[in-house]
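Peer 1: the following comprises the amino acid sequence and a computationally predicted model.
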Amino acid sequence: MIAKVEPLTPARALRGPFDYRIPGEMEEVDVGSMLVVPFGRRRLLGVVVDLADESELPSERLVEPLAALDRRVPKELVRLGLWAAEEYCSTPARGLALVLPPGAGIGALPRVGIRRVLTAAITDAGRAALCGTRIRLGGRQRAALDALADGPQTATRLNRAAGCGHSTLRSLEARGLVSLDQSEQRRRPALAAVGAPAGRAVEPTPAQRAALAAIEARMDERQPAGLLLHGVTGSGKTEVYLRAAAAALERGRSAIVLVPEIALTPQTAARFEERFGDTVAVLHSRLGAGERHDEWLRLRRGEARVCVGPRSAVFAPVADLGLIVIDEEHDASYKQEGDPRYDARRVAERRADQSGAVLVAGSATPRPESRLRLERLTLPSRVDSRPLPPVELVGSLGATGVLHARTLDALNAIGSRAEKAIVLLNRRGWSNFLSCRSCGRVWDCPECDVSLVLHRASGRLACHHCGHTETVPGACPDCGSVSLARHGAGTERLERELERAVAPLPVFRLDADAVTGRGAVAALLRRFDSAPAGVLVGTQMVAKGHDFPDVTLGVVVDADSTLRFPDFRAEERTFALVAQLAGRSGRGPRGGRVIVQALDPGARALQHAAAHDAEGFLSGELERRRALSYPPFSHLIRIVCSAREAGPEAAAAAEIRERIEEPRAMVLGPAPLFRRAGRERTQLLVKAVGDSAVRAAAVRAVRDAVDGVARSRSARGVSFSVDVDPQ
Ligand code: ADP
Ligand code: ZN
Ligand code: ZN
């Protein structure tokens, strides 16, 4: 038998698969098997992508694998990984690395295995030996039996308690005085639940019931189907997901539930655990290696049949998939930033197609892509018919402080009534930049063409693009002036202003500077939840799907800052951010209100968000996208060339443009980007209008052009990154 193996090497140029002869004793090898193969002078992990009876290579050139691992990736996932590699212009090795068990990947053999625990129990003969005198026992042996007299114990504990090692236990076992058992022990991830309304069963609302009926009907057709669950904030989408997953389980099928970063949204995962117990496995990067390994294995063996996790969970090794849920489908975290730059939402569609599963993408602010392509189910109102909070737009032009007078009034009311508020400002730090009042010098990053942000708590100026930091200057190095001006405000400064406004209520800050380390976000959210009153302030992290019923005020500061980005998704992002933050307010019986501060309160995205009018926003947005041939009416591919010195990167981009031979792909650029992390950058944008065949042709054309230029001598020192469906 011949196995076609894709070796997991980081080399981009290498195109497998390669043939290996499978010896008789490896007869279990099949598609998805993980092998250790000799490759040149190296040993690499490889994945079997196909089997054949014969090879085109002469038999003396065929070699055998060194070992076969005892894990096998499901065939369906091998196909999915290879598809993702093609689709996102990556290599088969990188595509396959996505579907491997945790810990295995390019250049890494899996280091973590099943944890087995040795447990000892005393036998009747052992008890007799302890009481009688006829059987002679060594000191350690007696100590071990003594310790076991009260009940079985693990070998590790015995070793600590009685000082006896494995050899003592083995000899006691050989004499029939103890019995030993080696069992698997699961490393169980701890989920930090945040004030979930524990376990109380709710009666579905008529709208939830109707959505569920539609999902179940699709499931029974056993045809792939894509549904958009468009439900306003607080309409009970999670309950629909929970019941849809239960419906899949009832039919003997399994479910994958994708959530934005688990650390930010621990509530959803906790609700699934609460409802399904051990049938749920969670997979995410914050777990320990052992925990991740065990969760993967429980899914692979079918012991767990519901997987909850962030984007990578779309590759969970479940069999007979019936449902994929994408919670908060508008969330940016579904796109992977490194190669392969896959979009879990597109991979989920593909996987649902492969297995005849139902895809349910849920959001209060769906993407235009999903609105256009998926069948829409609606949850038009909040549970218990609570109204959506009224949203007030206030102009901040010419205002003196960060907070508008109206906002301060509302915060005062929160303070005097001891209620809760959430305040969003999508900018970290104390102030945006620092300048010299005498000569106008601005402190810039030495590695990037951007200004440095002042962080007061750490006493540093920091670059938010490359991580460079330096100490805050006392005087201007150019003119010696000590009069330095701080411009603008970030969350750090806002926190201070809020503390003054709502004193003595506590203020909790949630952003990447204030909250670091495992479990810290969940802990902070828990503190805010259990405080009787207070303010949560932070970046977009505060606008995620949190469900705090006693929040009565939502505030967005500088709401149109995201509109000023030169990005065709700027309006979509701004709309979603404001509408999502508004959705955190007024979820409980006390009701709520929202204030949105903006330079231009008349902006379309803000007007629609204030009116809770997602449909109106989407139809306008789709019209605009159609007119300009932007997604979802086209496919985009972004190519960035970068180099240390200016010149070669622009030349490489120009040459790629020349080489893209696909008439249906329009190439925009080259256009220079700002220097970042010490690298000069130039961008090309490829626009392909048409179906998935056109898209695939464009991706191939780009790959060939980039590979061709990357191999040429003139491209030395130039790096290339290709992003299909850039966000
Ligand atoms: P969404 O994700 O749509 O914003 P959630 O799923 O967070 O909304 O639900 C909001 C709140 O409503 C939660 O506290 C949830 O427990 C509660 N809830 C959901 N469905 C019902 C129902 N049918 N009856 C009563 N309460 C419900
Ligand atoms: Zn100066
Ligand atoms: Zn920088």
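Peer 2: Structure's in. What do you need? Ligands and ions are numbered 1, 2, ... in the order given.

Peer 1: switch to C-alpha atoms for all contacts and neighbour counts from now on
Peer 2: Will do.

Peer 1: chain neighbours aside, what residue packs nearest to the closest residue to ligand 1 within the stretch 451-600 of the chain?
Peer 2: As assessed by C-alpha to the nearest ligand atom, ligand 1 sits closest to D547 within the stretch 451-600 of the chain, at 5.3 Å. In space, and not counting its chain neighbours, D547 is closest to R584: 6.7 Å by C-alpha to C-alpha, 6 or more residues apart in numbering.

Peer 1: please work out which residues outside the worst-scoring helix or strand of the chain on mean pLDDT touch it.
Peer 2: Between all helices and strands in the chain, the lowest mean by mean pLDDT, DSSP states H and E belongs to helix 155-162, at a mean of 83. By C-alpha atoms under 8 Å, 6 or more residues apart in numbering, the residues outside helix 155-162 that reach it are 117-120, 140, 143-144, 147, 164-166.

Peer 1: longest single helix anywhere in this protein?
Peer 2: As assigned by DSSP state H, the longest helix anywhere in the chain is helix 692-711.

Peer 1: so the helix or strand just after that one versus helix 692-711, what angle?
Peer 2: Per DSSP states H and E, helix 692-711 leads on to strand 719-724 as the next helix or strand towards the C-terminus. Interaxial angle of strand 719-724 relative to helix 692-711 (axes from the mean of the first three to the mean of the last three C-alpha atoms, to 10 degrees): 180 degrees.

Peer 1: near ligand 3, which residues of this protein show up?
Peer 2: Contact residues (C-alpha under 5 Å from the ion) of the chain with ligand 3: 445, 447-448, 463, 465-466.

Peer 1: what's the ChimeraX syntax to select whichever of those are buried?
Peer 2: A single ChimeraX command suffices to select whichever of those are buried according to 16 or more other C-alpha atoms under 10 Å:
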select :445,447,448,463
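
Peer 1: quick one: which of the residues of the chain next to ligand 3 sit in strands?
Peer 2: Counting by DSSP state E, no part of these is found in strands.

Peer 1: for the residue of the stretch 451-600 of the chain closest to ligand 1, grab the count of nearby residues.
Peer 2: A count of nearby residues for D547, using other C-alpha atoms under 10 Å, gives 22.

Peer 1: I'd say E64 and F18 touch.
Peer 2: No: checked against C-alpha atoms under 8 Å, the pair E64 and F18 is beyond contact range at 11.3 Å.

Peer 1: could you check how far V259 is from Y334?
Peer 2: For V259, the distance to Y334 equals 9 Å [C-alpha to C-alpha, to the nearest Å].

Peer 1: now do the shared contacts for these two.
Peer 2: Common neighbours of V259 and Y334 (C-alpha under 8 Å, 6+ apart) are 310-311.

Peer 1: could I get the phi/psi values of the residue in the chain sticking out farthest from the centre?
Peer 2: Farthest-out residue of the chain from its mean C-alpha position, per C-alpha atoms, centre = their mean: R134, at 64.9 Å. Torsion angles at R134 (phi, psi; degrees, to the nearest 10) stand at phi -70, psi -30.

Peer 1: ok, now the one 4 residues further on?
Peer 2: Per-residue torsions, G138: phi -70, psi 170 (degrees, to the nearest 10).

Peer 1: start at 305 instead
Peer 2: Renumbered: residue one is now 305, and that last one reads G442.
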